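>>> Sequence first, then the predicted structure:
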Amino acid sequence: MKRLNKISGLLLAAVLITSPAYAAKPKYVFYMVGDGLGAAQRQFSEFFLKEKDRKTDEKLLMDTFPVSGLNSTYATNTLITDSAAAATALATGHKTNKGYIGQDPNGKDLETLIEEAEKHGMSTGLITTTRITHATPAAFAAHTPDRNDENGIAEDYLDSGVDFFAGGGIRHFIPKDVKIANGDAVGHTIKSKRKDDKDLVKEFSAKGYDTFIGKEGVKKFNATDFNKVEKVLALFTYTHMPYEIDRENKFQDCPSIADMTQAAIDVLSKNKDGFFMMIEGGRIDHAAHANDPTGVIYDTIAFDKAIDKAYNFYKQHPEETLIVVVADHETGGMGLGFDSQGYKLDMGQLLDVKASIEDNIFNGAGLEYKQGKREAFLTMLNTTYGLDNLTAEEKAMLEKGMDESDAGKTFGYYKYDPAAIAATHILSQRANISWTTTIHTASMVPMSAIGVDAQQFGGYKDNTEVAKAMAKVLGFSI
Ligand SMILES: [Zn+2]
């Protein structure tokens, strides 16, 4: 008996000595936020991968992680949240009102995980495919009751201490009246949205940031060895970055969310105290708002490729890395299955789509139908949006949409072009999916995790509890 105790004591000592991971907190943290990435969006994108690659066992990487759970997303003042209140919950562990950024409903500033990470000596990064001043990244490093005050959010960033910023939204960082024709990564004209003469790009530069702005910034970014860089402000587009489907087909030079993630890893991993980065797949939400199924799919897969960059890093540092994948809310009320066509989804209908509806409408021939060129619009939908061989019923839907558009009518809460929505709904019907709304829903959303203390991110949690779990794991007080 005595001998047995001695042996088990030795064994315990051996376990403690050889398994520092159980005692240590994660040094490298990837907090991956899919905006609008509900369960249907994840499942649907995975079905598309299987169909496209003809591999029935193919999965999204995020769906293979060993720990998974579900999150509730509601805000203080509404059960259907927005990205501001949801991201504030994920960043601070506190519920707040819709539209509030890093503040409680009384307007009091809340400590964020990024701010705590800095206090603990970690390097920090914010990456998104939206404007960098958009609600999700903003909630991690800015404080305002008005998510639309993006000029103010840009100023908050200057003093935030965050080491790596990448995304879109040059317009909030340059002095008023500045205009650069065709200057951004997708050929759009850059115009300032500021009301003052502040040149934040210059001020970031003075603080030691390498800046990568617009079209020229893309060239510089693609030629940079980020292992040699300390701080980054990368703003590639006037407003949001392109949807992934458009980036892949038209703007291949423009860095993807995976490219930005890899650059951040190279910059931030030089710190011996580690890093904390928030990476947002920001436009899954926008595509779902427009009920655009392929827009959702391509941006979800691009987000998964960014997770793959994090996963590769995890494989090199498995005892020190934590990856947590969450969503802020569901968007669109996406339903995988539509009554009229019975028990089937037809993913094959989506394989020929080569552009987002937004790119089609605003950069393609979409606007021509307003000048009576309706055939040009239908041809464009055929060649880039996969809508060939229109049935009489489908053609009638599009004609009705164009009639309404010509009459100045709009569709839904965000006033979409009725012809554009007719097109996304026809494509959706062909795949046999449906949408309940062009805004968000209150559905719970999936979460998954891998790495050090990943088990803390399983089960059913409110979004505030995700941030609290993160703080607990890292020894932060938020
Ligand atoms: Zn949204």
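That came through, no problem. None of these values were measured; they are calculated from a predicted model.

>>> can you pull the alpha-carbon coordinates of the helix or strand where D259 lies into CSV?
Using DSSP states H and E, D259 sits within helix 257-268. This file holds the C-alpha atoms of helix 257-268, laid out as CSV (Å, rounded to 0.1, in the frame of the first residue of the first chain):
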residue,chain,number,x,y,z
ILE,A,257,-8.9,37.8,-44.6
ALA,A,258,-6.5,34.9,-44.5
ASP,A,259,-3.6,37.1,-45.9
MET,A,260,-4.3,39.7,-43.2
THR,A,261,-4.4,37.1,-40.5
GLN,A,262,-1.0,35.6,-41.6
ALA,A,263,0.5,39.1,-41.7
ALA,A,264,-0.8,39.7,-38.1
ILE,A,265,0.7,36.5,-36.9
ASP,A,266,4.1,37.5,-38.4
VAL,A,267,4.0,40.9,-36.8
LEU,A,268,2.5,40.0,-33.4
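
>>> Which residues does it contact?
Defining contact as C-beta atoms under 8 Å, 6 or more residues apart in numbering, one finds that helix 257-268 is touched by 123-125, 127, 129, 163-164, 166-167, 221, 224-227, 229-232, 234, 244, 255, 275, 277, 279, 281, 302-303, 305-306, 308-310, 313. Heads up, the C-betas are built off the backbone N, CA and C, glycines and all.

>>> among those, which ones are buried?
In the contacts of helix 257-268, burial by neighbour count holds for 123-125, 127, 129, 163-164, 166-167, 221, 224, 226, 229, 231-232, 234, 244, 255, 275, 277, 279, 281, 302-303, 305-306, 308-310, 313, counting by 16 or more other C-beta atoms under 10 Å.

>>> sorry, back to before: tell me the gap between the helix holding D259 and the middle of its chain.
Relative to its chain's centre, helix 257-268 lies at 15 Å (C-alpha atoms, centre = their mean, to the nearest Å).

>>> neighbours of A376, just the number please.
16 (other C-beta atoms under 10 Å).

>>> what does T88 give?
Each residue near T88 was counted by other C-beta under 10 Å, and the total is 36.

>>> Give the next helix or strand downstream of the strand or helix carrying it.
Using DSSP H and E, T88 sits in helix 83-92. On the C-terminal side of helix 83-92, the closest following helix or strand by DSSP H and E is helix 113-119.

>>> Report the mean per-residue pLDDT for the helix or strand following that following helix.
As assigned by DSSP H and E, the chain's next helix or strand after helix 113-119 is strand 123-131. Summarised as a single mean, pLDDT over strand 123-131 is 98.

>>> Measure how far strand 123-131 is from the centre of its chain, please.
9 Å.

>>> and the direction of it versus that of helix 257-268, what angle?
Calculated by axes from the mean of the first three to the mean of the last three C-alpha atoms, to 10 degrees, strand 123-131 forms an angle of 160 degrees with helix 257-268.

>>> What is the burial count for K344?
K344 is flanked by 10 other residues according to other C-beta under 10 Å.

>>> any low-confidence regions in this protein?
Where the chain drops to pLDDT under 70, the residues are 1-23, 362-366.

>>> I'd say Y311 and L61 touch.
Yes - Y311 is in contact with L61 according to C-beta atoms under 8 Å; the separation is 6.1 Å.

>>> Tell me the secondary structure of A139, please.
Following DSSP: H, G, I helix; E, B strand; the rest coil, A139 is assigned to helix.

>>> count of neighbours near it?
The burial count for A139: 33, using other C-beta under 10 Å.

>>> in the sheet, who's paired with G125?
F164, M277 (DSSP bridges).

>>> How far off centre is stretch 33-51?
Remark: stretch 33-51 is offset 13 Å from the chain centroid, using C-alpha atoms, centre = their mean.

>>> For it, list the C-alpha coordinates in PDB.
What follows is stretch 33-51 as a C-alpha-only set of coordinates in PDB (Å, rounded to 0.1, in the frame of the first residue of the first chain):
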ATOM      1  CA  VAL A  33     -16.000  36.400 -35.000                       C
ATOM      2  CA  GLY A  34     -18.200  35.500 -37.900                       C
ATOM      3  CA  ASP A  35     -20.600  38.400 -38.300                       C
ATOM      4  CA  GLY A  36     -24.000  36.900 -39.100                       C
ATOM      5  CA  LEU A  37     -22.600  33.400 -39.000                       C
ATOM      6  CA  GLY A  38     -25.600  31.400 -37.800                       C
ATOM      7  CA  ALA A  39     -25.900  27.600 -37.800                       C
ATOM      8  CA  ALA A  40     -27.600  27.600 -41.200                       C
ATOM      9  CA  GLN A  41     -24.800  29.700 -42.700                       C
ATOM     10  CA  ARG A  42     -22.200  27.300 -41.400                       C
ATOM     11  CA  GLN A  43     -24.000  24.200 -42.600                       C
ATOM     12  CA  PHE A  44     -24.900  25.700 -46.000                       C
ATOM     13  CA  SER A  45     -21.300  26.700 -46.700                       C
ATOM     14  CA  GLU A  46     -20.100  23.200 -45.700                       C
ATOM     15  CA  PHE A  47     -22.700  21.700 -48.100                       C
ATOM     16  CA  PHE A  48     -21.400  23.900 -50.900                       C
ATOM     17  CA  LEU A  49     -17.800  22.800 -50.300                       C
ATOM     18  CA  LYS A  50     -18.800  19.200 -50.500                       C
ATOM     19  CA  GLU A  51     -20.700  19.900 -53.800                       C
END
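
>>> i'd like the first residue to be 42 from this point on
All set: I'll call the first residue 42, so the last point we hit is now stretch 74-92.

>>> Pull out the buried residues from it.
Within stretch 74-92, the residues scored as buried using 16+ other C-beta under 10 Å are 74-90, 92.

>>> quick one, strands of the chain?
Here the chain has its strands, by DSSP state E, at 69-75, 108-113, 164-172, 205-209, 220-221, 231-232, 251-254, 273-276, 316-322, 362-368, 371-372, 481-482, 486-492, 500-503.

>>> ok and the longest one relative to helix 124-133, angle-wise?
What it means is strand 164-172. Following the same axes, to 10 degrees, one obtains 170 degrees for the angle between strand 164-172 and helix 124-133.
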